[in-house]
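S.K.: Dropping the sequence and predicted coords here.
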Amino acid sequence: MAMKQITALLFALAMLLSVGGALAVNEDVEGELVIYTSMYPEVIDMMDAAIKEEFPNLVPGNDGSFFFYNGTSKLITKIYGEMGDNRDQALGCDMFMVAEPAFSLEMKDYGYLHAFEVENAAERLRFAYDEEGYWYPVRVCNMVLAYNPEKVDSWAAKGISIPKSFHDFAYDPALKGYISMSDPMTSGTAYAAVCSLLGTYGEEYLDKLSENGVMRESGSTAIAKLQSGECAAIMILEESILKFVADEAAKGNEVTNLKVIYPEDGVILIPSTVMIVAEEYSRDVNTEACEAVAQWLLSEAGQQMIVNGFMHSTLAGFGEVPGGSISTDELIQKDMGVDWEKAYRNREEINTLWTQKVTR
């Protein structure tokens, strides 16, 4: 065989191996995997499909899905039960993606987390992360207010103004009986919002919510009441409104009776974290696979899936935002903030305060 033919053959072989390697970058990631998450089921379906494509030899460990879903507070209760009274038992999952970062601090203290490194994390991430590598922000939920533009005049005729701030939502007595939010006893993002508002306005904020007869309801119920005119305003995750509008648009329906309010006193950003369960406590003892999935979630491809799920990206410089939202960096400037250490350490006290003042 001539030298030119040999060279060409070797070049073609090298190119083939290169292409094959690029296509099969995660084919060596194997084993089973279960992730406890509070992401919406529709988002889970999308994430499931993406992970199955990216990791073709990784086996979903929960009835064909990589995810087990429930609200954050219910998941935390489930996890406590699995840990046992002495906090020393194995869990039914390998990773967590729950909504409020205070839980990350708690699980780290219990020794239930596995540390891993995200390269150049300080430059890549625009939200705080654990410097020892036990948790990283992977998706950002945004607590806002919402109203029905078609009902503004009818509310005005009753002497009611749509609140432009979280302060007005609780403090304006004209809104009594016409406001709704999720229950922080069952919703992690609502709990985070309550912690933030307590930090800004003190315990009086809960007194005012109670005086205004705030209803504690699911997001779907609150949206329905907003559309029907039973509520003037609701406290809700931005993603709930954006997703509802987008879902209806996909059906050919234009939604004109729902709109987000970015409160004048600030939004409440909740950077949900990804955590890997320490090997001695994990369901499938596969931290290598968990690390691969976590790294993918924090890649541009993984973050694109997060934004497609109507949440904000944690990557610095990631310009795309959920459809209908505003700049993530602009929201960061408006963020009221949450003292996550206090949210963790004082969880029982805050829950008791809520129960005594609001649900009494």
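M.R.: Ah, there it is.

S.K.: CA atoms for contacts and neighbours, from now on please.
M.R.: Noted.

S.K.: wait, doesn't Val59 sit right on Ile35?
M.R.: No - Val59 lies out of contact with Ile35 (CA atoms under 8 Å); the separation is 12.0 Å.

S.K.: anything in contact with each of those two?
M.R.: Shared contacts of Val59 and Ile35 (CA atoms under 8 Å, 6 or more residues apart in numbering): Phe66.

S.K.: These two: who's more crowded?
M.R.: More crowded of Val59 and Ile35, by other CA atoms under 10 Å: Ile35, with 25 against 17.

S.K.: Could you pull up the residues touching the more buried one?
M.R.: Ile35 sits in contact with 66-68, 93-97, where contact means CA under 8 Å, 6+ apart.

S.K.: got it, and Thr186?
M.R.: Each residue near Thr186 by CA under 8 Å, 6+ apart is listed here: 71-74.

S.K.: which one of the residues you listed is nearest Lys158?
M.R.: Gly71 (36.3 Å; CA to CA).

S.K.: ok, that closest one touching Pro41?
M.R.: No - Gly71 is not in contact with Pro41 according to CA under 8 Å; the separation is 10.7 Å.

S.K.: Map the structural domains onto the sequence of this structure.
M.R.: By the record's domain assignment, the chain is partitioned as 26-140+270-332, 142-269+344-357 (automatic domain parsing).

S.K.: CSV for these, including mean pLDDT and distance to Val338?
M.R.: Putting the domains of the chain into CSV (pLDDT from 0 to 100; distance: least, CA to CA, whole Å) gives the following:
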stretch, mean pLDDT, distance to Val338
domain 26-140+270-332, 95, 8
domain 142-269+344-357, 97, 5
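
S.K.: the strands in this structure, which residues?
M.R.: According to DSSP state E, the chain carries its strands in the segments 31-33, 35-37, 58-60, 67-69, 95-97, 113-114, 136-147, 179-181, 215-216, 233-237, 259-261, 268-277.

S.K.: The longest one to strand 268-277, inter-axis angle?
M.R.: Read it as strand 136-147. Counting by axes from the mean of the first three to the mean of the last three CA atoms, to 10 degrees, strand 136-147 points 150 degrees away from the direction of strand 268-277.

S.K.: For strand 136-147, which helices and strands make contact with it?
M.R.: Here strand 136-147 touches helix 188-201, strand 233-237, helix 238-250, strand 259-261, strand 268-277, helix 300-308, going by 3 or more CA pairs under 8 Å, 6 or more residues apart in numbering; DSSP states H and E.
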